[in-house]
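Enquirer: take a look and give me a structure for this.
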Amino acid sequence: LAPRKMKDSFQTVQIPLTDKSIREKYINIHGSVRFGILMEDLDLLAGYISYSHCDQSVLQTGISPLSIVTAMVDEIKIHHDHIDPTVDIIMAGHVTWTGRSSLEISMWLEQNGEKVVDAEFVMVARDSETAVIHPLEVTTEEESKLFELGNQHKKQRLMEAQESLFENPPTIDERQLVHQIFLKTLNPRSKSFRSRILPEGSLWMDSTRLKNAVVCFPEKRNIHNKVFGGYLMRKAFELAWANACVFSSNRPNVVAVDDIFFHCPVPIGSLLLMSSQISYSDGNRFVARVHAEVMDTLQGISTTSNVFHFTFTCGDSQVPTVVPKTYGESMLYLDGLRRLK
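Expert: You can find the predicted model right below:
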């Protein structure tokens, strides 16, 4: 296949927040912009950019032999706590790295010429199986740096997968940390490993959960007749934000989103069960992890569809310390610690 240049996939979109009818959809209760809606828009733009690189005819016909799906959200960085809902937002992005069938899409959001959000999405193209896509031609030194950064991101993802707590035990330092936390929760009077007490200013991790059930209607389907990934991200973020509010007893601000994995598609008509939990906290920062699973109501079988991670802050306010009680919760705690670092 013929190489494509980065500029070939460059796209820019304006969100006209100066239009009151549009602003009503985007504004939140605090006079800022709803971040969940922006996540939906980013997912839409990532798909559009991917098709413009892989099959430009689809931009005119709307038909393509390829099926391009969101594999993961590598990272979203939020540079401003407050995004002005009265000023237009410019969304822009392009392909910055390609593999055999995967693409990395770099996007950004601007207001008044200043970046407010950066995002990195990984997309995968398929036909009957895994498709082969156009390679990327690098023409400038800046493009070369972007492509090399994509290579580094891929290596980082592979390394993190190898070091995952699902694959390997915690490090020696992490094991010592877990044991120290365990000792702090023992009742010194009982001399028993079963008698646990909660340290002052702390909360048991299992008490920080918040759940939601979503019925998936055709209104939110994509071109593949599955639930649109951006909609799933918005619902997960809104649940995580509500969880963050309850946990912190304050107004939280999201500062980062990383490693949103799409494990399986969500069929229209299915029941999506979402569970949010605070996995780690330190000072005024904490991590909310949202686990989403598709439930087959006829067979009573649930399958994990997505895992989301959101990092929040609460200004200068301190939040409770999350304390794990079981070994499984300790692994969630260490995973959150790694992400916050």
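
Enquirer: please make it C-alpha for all contacts and neighbour counts, starting now.
Expert: Noted.

Enquirer: helix, strand, or coil at the residue of the chain most remote from its centre?
Expert: Within the chain, the residue lying farthest from the chain centre (Cα atoms, centre = their mean) is Arg189, at 44.0 Å. Recorded secondary structure, Arg189: coil (DSSP: H, G, I helix; E, B strand; the rest coil).

Enquirer: so what touches the helix or strand where Lys77 lies?
Expert: Secondary structure from DSSP states H and E places Lys77 in strand 67-78. Identification of contacts with strand 67-78 by Cα atoms under 8 Å, 6 or more residues apart in numbering yields 43, 47, 50-51, 116-127, 224, 229, 254-263.

Enquirer: then it to CSV, C-alphas only?
Expert: Presented in CSV, the C-alpha positions along strand 67-78 are these (Å, rounded to 0.1, in the frame of the first residue of the first chain):
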residue,chain,number,x,y,z
SER,A,67,-13.9,-1.6,10.2
ILE,A,68,-11.9,0.7,12.4
VAL,A,69,-12.5,0.5,16.2
THR,A,70,-11.0,2.2,19.3
ALA,A,71,-8.5,-0.3,20.8
MET,A,72,-7.6,1.9,23.7
VAL,A,73,-7.2,5.5,25.0
ASP,A,74,-3.5,5.7,25.8
GLU,A,75,-3.8,9.0,27.7
ILE,A,76,-5.8,12.2,28.0
LYS,A,77,-4.2,15.2,29.7
ILE,A,78,-6.3,18.1,31.0
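
Enquirer: listing partners with orientation, what would you give for it?
Expert: strand 114-126 (antiparallel), strand 253-262 (antiparallel) (DSSP bridges).

Enquirer: to Phe10, which of these lies closest?
Expert: strand 114-126 (14.4 Å; Cα to Cα).

Enquirer: hang on, the earlier thing: check contacts around the residue farthest from the centre of the chain.
Expert: If you count contacts by Cα under 8 Å, 6+ apart, Arg189 has none.

Enquirer: skipping adjacent residues, who's closest to Phe147 in space?
Expert: Take Phe147 and drop its neighbours on the chain: the residue closest to it by Cα to Cα, 6 or more residues apart in numbering is Trp97, 5.1 Å away.

Enquirer: can you list the domain ranges for the chain.
Expert: The record, using automatic domain parsing to delimit domains, assigns the chain the ranges 4-162, 198-340.

Enquirer: those domains: which one's closest to Arg175?
Expert: With Cα to Cα, the closest approach to Arg175 among the domains of the chain belongs to domain 198-340: 9.3 Å.

Enquirer: okay, now Asn306: neighbour count?
Expert: Asn306: 23 surrounding residues under other Cα atoms under 10 Å.

Enquirer: before we move on, what about the one 4 residues further on?
Expert: Look at Phe310: counted by other Cα under 10 Å, it has 26 neighbours.
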